[in-house]
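In: This is a predicted model, with the sequence first.
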Amino acid sequence: MSAAARARVAVLASGGGSNLGALLAFLAERGAGRAADVVLVAGDRAGAGAFERAATCRIATHHLADPADGAGMRAQFEAYGVDLVVLAGYLKHVPDAVTRAYAGRMLNVHPSLLPAFGGPGMYGARVHRAVLAAGACVSGATVHFVDDAYDRGPIAAQWPVPVRANDTPESLAARVLRVEHLLLPRAVEAVAAGRVRVGADGRVHSPYEPADVPFTLPPSATDDDVASALDAALRA
Ligand code: GRF
């Protein structure tokens, strides 16, 4: 796919940026056939690890001095010709003016099986503590289209993560994060390539047919097993 045909992606991040790193590594591995290029990394914390990762890959960065400034954020995205926005550990609320302008073109990754364990204040260890406190036997990762409420937009893709009896919030978080690193890049690629999209009916249209997805991979399944199952599910 030519550079001109690839979706130009802006990533918003507040933290270490491991999801950004996974996305960059995935796109590099896809090579010339990739459907997207990350052209901008923006965030509310200038010293965040995500900015360092961007600088290492010579990707433009922008510090959002006022994360509530929707006009300023849109101006940045327009200046870089951004087609698709990815929230990867971005902890601020995206101004409604931006969410509306990028309806169907803004994704977020969340460390639970939404709509469970999502919403305002549900981020990081709080999510995993709530999952364990509820006695849930399965958690997971979700990539969803962003609308004007936290963690509520239509779901682009999900993958389950079994909860183990001796899990702590930290041990569950680590397993979920590994699945995020497999799920987010494939969901971004599928949206960028038009295989997953939000229809005029507001519902997600996708090749991802839950009946086909081998959710019942054994606990011994490796990252490669999950990656192959996701590639098949999203028709990569
Ligand atoms: C991930 O757990 C993601 O689900 C949540 O924030 C975390 C981002 O981690 N939205 P990182 O900064 O990408 O390492």
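Out: Happy to help now that I have it.

In: Tell me which residue lies nearest the centroid of the chain.
Out: Note on the chain: the residue nearest the mean C-alpha position is residue 109, at 3.3 Å, using Cα atoms, centre = their mean.

In: and this structure, which residues reach the ligand?
Out: 13, 15-19, 88-89, 109-111, 177, 180 (Cβ under 6 Å from any ligand atom). (Each C-beta comes from the backbone N, C-alpha and C, glycine too.)

In: Among those residues, which are located in strands?
Out: Cross-referencing those against strands under DSSP state E gives 109-110.

In: in stretch 177-194, what counts as buried?
Out: The neighbour-count check on stretch 177-194 (16 or more other Cβ atoms under 10 Å) flags 177-193 as buried.

In: How about stretch 212-221?
Out: Under 16+ other Cβ under 10 Å, the buried positions of stretch 212-221 are 213, 217.

In: can you list the residues that contact that stretch?
Out: 159-160, 162, 225-226, 229, 232-233 (Cβ atoms under 8 Å, 6 or more residues apart in numbering).

In: Which among those count as buried?
Out: 159-160, 226, 229, 233.

In: re earlier: wait, what's in contact with the residue nearest to the centre of the chain?
Out: 19, 86-89, 141-143, 180, 183-184, 187 are the contacts of residue 109 under Cβ under 8 Å, 6+ apart.

In: The same query, at a cut-off of 10 Å, please.
Out: 19, 22-23, 86-90, 141-144, 156-157, 177, 180-181, 183-185, 187-188 (Cβ atoms under 10 Å, 6 or more residues apart in numbering).

In: And residue 11, by the same measure?
Out: Taking Cβ under 10 Å, 6+ apart, we find residue 11 in contact with 17, 19-20, 23-24, 38-43, 50, 53-54, 59, 61, 82, 84-90, 107, 184, 188.

In: among those, which are in helices?
Out: 19-20, 23-24, 50, 53-54, 184, 188 (DSSP state H).

In: Spit out the contact partners of residue 7.
Out: So residue 7 contacts 1, 34-39, 82-84, 105, 188-189, 191-194 (Cβ under 10 Å, 6+ apart).

In: low-confidence ranges in this structure?
Out: Residues of the chain that meet the criterion pLDDT under 70 lie in 214-216.

In: Please name the nearest non-neighbouring residue to the residue of it found nearest the ligand.
Out: Going by Cβ to the nearest ligand atom, the ligand is nearest to residue 89 of the chain, at 2.6 Å. Closest residue in space to residue 89, ignoring its immediate chain neighbours: residue 15 at 4.5 Å, by Cβ to Cβ, 6 or more residues apart in numbering.

In: how far away is the one you found from residue 44?
Out: 10 Å (Cβ to Cβ, to the nearest Å).

In: So which residues of the chain form strands?
Out: Going by DSSP E, the chain shows strands at 7-12, 36-43, 60-63, 84-87, 106-110, 138-145, 155-162, 197-198, 204-205.

In: Cool, thanks, talk later.
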